[in-house]
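Q: Take this sequence and fold it.
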Amino acid sequence: MRSVVTWSVFVHKLILVLLSVVNYVLPTSLVAAEVPTFVKIDYPENRNDVHIEQVSSNWQFVVTSGLGALVSVYADQDRIWKSQPIMEYFAMMPSLKKADIDGNGEMDAILTSFTPHAGCIDFGAIYSLNGGKQNYLVHVNTSLRAHKDQLYIEVSERLPDSVVEYHVEDTIKGCGWSTESKGVIAFAEMLREHRYTVLGTAQQAFPKLQALYPKAMALYKKNQLGSAMSMLQEFFDRYDYRRVDPENKNGEYTLILNNYGFLLSEKYREEIAIPVLQYVINRAPERTITYLNIADAEYYFYDANDPRTYEIRPGVDINLPGGGTDISRNRKIKGHPDAPIHYRKYHDLMVASGKKDKIPPRVFERMK
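A: Numbers count the residues shown, from 1 in each chain. Have a look, this model is predicted:
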């Protein structure tokens, strides 16, 4: 039995590597084309490598492809849930199913990752109930070589009985396991008795961010801006920034977010910086510098799908010398329409505090 599992582990690892290679070489434009226009691409992990699984017109899964997949659930154009990072990376080749899990007469959504995992050694499932309002992650590692020859199960939070029973039955069916085998019995018992690891929340992960932040700022002071941004972005790729301090009790977190948004803007990631900085303003409306940071990000913001952010330059050739086209070649960036408003707000706050002489010249040129 151990030799069979060992071979399966090898195949499983090989598939993960192949998946990562495919994700690396796949043209960005092809992957980006999967993203519906009504999904807000405004969070750090939602870049050009996302995959969309549509449940209904206003309910969808957004999956970050590649190793270490993260899954977000959107309802009515807003992200309402995001999976936590699991202990060991796994690649999710999503398979969407629908079933009435909780027995209320309405269809729920299940996103599984059975497909790429030979022998069902390492797999995950996301259960989205009640129109996306209740969401659960279940990740299972059945490798005998991992975790001292025991099953390892991770969940986002304590699972309701309805999800447990569906997951047990669906896993046995999907993996082709025998219901009488000791491994399956142990698997079912562990879930039913809630003997699994509950993953840490974004709030619980805040000390990690506190440790990273001074290191990132030290890099910034050494003019290593890209490294500083990447260090913080690694944390926010894995955790929803709105869930770290949802009750707005920690001023240190507000400072960290402001500087993270600033670094993103400096590295031309305006599409990420703007919502982060707007969140900072919502937390601390009196924070003057944030209005300048968000105004600068908005001033240089460009979205090919938003005609408010650019104007066409007539007669400019968009064809590239080596073949292909680049529509940005004939467009002049106008920026986000809120940029002048935020420059004005920054100006007014500085004047009110007696600091008009410290206002950068660009503010007078760009505000209204």
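
Q: Point out where the stretch 51-200 of the chain drops to low pLDDT.
A: Counting by pLDDT under 70, the stretch 51-200 of the chain contains low-confidence residues at 65-69, 86-94, 114-122, 142-151, 178-179, 181-183.

Q: any idea where the strands of it begin and end?
A: With DSSP state E, counting those that start in this stretch, the ranges of strands along the stretch 51-200 of the chain come out as 59-64, 71-75, 78-82, 95-99, 108-112, 122-129, 134-141, 152-155, 197-198.

Q: so of the ones you listed, which one's packed in deepest?
A: Counting by mean count of other C-beta atoms under 10 Å, strand 122-129 has the highest mean neighbour count of those, with a mean of 24. Using the backbone N, CA and C atoms, a C-beta is placed for each residue, glycine as well.

Q: Report all helices and strands that it contacts.
A: When contacts are defined as 3 or more C-beta pairs under 8 Å, 6 or more residues apart in numbering; DSSP states H and E, strand 122-129 sits against strand 59-64, strand 71-75, strand 108-112, strand 134-141, helix 161-175.

Q: quick one: Thr309 and Asp338, what's the gap?
A: In this structure, Thr309 and Asp338 are separated by 11 Å, where distance is defined by C-beta to C-beta, to the nearest Å.

Q: So for the two, which sits in the more crowded spot?
A: Comparing Thr309 with Asp338 by neighbour count (other C-beta atoms under 10 Å), the higher total belongs to Thr309, at 20 against 16.

Q: Let me know the secondary structure of Glu271.
A: Judged by DSSP: H, G, I helix; E, B strand; the rest coil, the three-state class of Glu271 is helix.

Q: The one 4 residues further on now?
A: Reduced to three states with three-state DSSP, the structure at Pro275 is helix.

Q: So His167 is in contact with Tyr127, correct?
A: Yes: with contact taken as C-beta atoms under 8 Å, His167 and Tyr127 are classed as touching, separated by 7.5 Å.

Q: For the stretch 151-300 of the chain, which segments count as helices?
A: 161-175, 182-192, 206-221, 225-238, 251-266, 270-283, 288-299 (DSSP state H, counting those that start in this stretch).

Q: most packed of these?
A: Ranked by average neighbour count under the criterion mean count of other C-beta under 10 Å, the helices of the stretch 151-300 of the chain are headed by helix 288-299 at a mean of 24.

Q: After it, which helix or strand is next? Please name it.
A: Sequence-wise, the next helix or strand beyond helix 288-299 is strand 310-312, with elements assigned using DSSP states H and E.

Q: how about that following strand: buried residues?
A: Tyr310 (16 or more other C-beta atoms under 10 Å).

Q: partners of it in the sheet?
A: Here strand 310-312 has these sheet partners by DSSP bridges: strand 331-333 (antiparallel).

Q: who's in contact with Pro160?
A: Contacts were defined as C-beta atoms under 8 Å, 6 or more residues apart in numbering; by that measure Pro160 touches 102, 136.

Q: can you redo the helices and strands packed on strand 122-129 as CSV with distance to Met217?
A: Shown next, in CSV, are the helices and strands packed on strand 122-129 (distance: least, C-beta to C-beta, whole Å):
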stretch, distance to Met217
strand 59-64, 27
strand 71-75, 28
strand 108-112, 38
strand 134-141, 32
helix 161-175, 42
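
Q: Adding distance to Tyr300 as columns, could you present the strands of the stretch 51-200 of the chain in CSV?
A: Supplementary listing: the strands of the stretch 51-200 of the chain in CSV, determined by distance: least, C-beta to C-beta, whole Å:
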stretch, distance to Tyr300
strand 59-64, 25
strand 71-75, 26
strand 78-82, 25
strand 95-99, 37
strand 108-112, 36
strand 122-129, 36
strand 134-141, 35
strand 152-155, 40
strand 197-198, 42
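
Q: Quick one: closest of these to Ile52.
A: Distances from Ile52 to each of the strands of the stretch 51-200 of the chain were compared by C-beta to C-beta, and the smallest falls on strand 59-64, at 5.8 Å.

Q: From the chain's centroid, how far away is the closest one?
A: Its chain's average C-alpha position is 10 Å from that of strand 59-64, according to C-alpha atoms, centre = their mean, to the nearest Å.

Q: That strand - contacts with which helices or strands?
A: Contact partners of strand 59-64 among helices and strands, from 3+ C-beta pairs under 8 Å, 6+ apart: strand 50-56, strand 71-75, strand 108-112, strand 122-129.

Q: ok, 7 Å please
A: Contact here means 3 or more C-beta pairs under 7 Å, 6 or more residues apart in numbering; DSSP states H and E; on that basis strand 59-64 packs against strand 50-56, strand 71-75.

Q: Mind listing the strands it pairs with, and their directions?
A: Paired neighbours of strand 59-64 in the sheet (DSSP bridges): strand 50-56 (antiparallel), strand 71-75 (antiparallel).

Q: which other residues reach the last one?
A: By that I understand strand 71-75. With contacts defined as C-beta atoms under 7 Å, 6 or more residues apart in numbering, strand 71-75 is touched by 39, 58-63, 79-83, 111, 126, 128, 131-132, 135.
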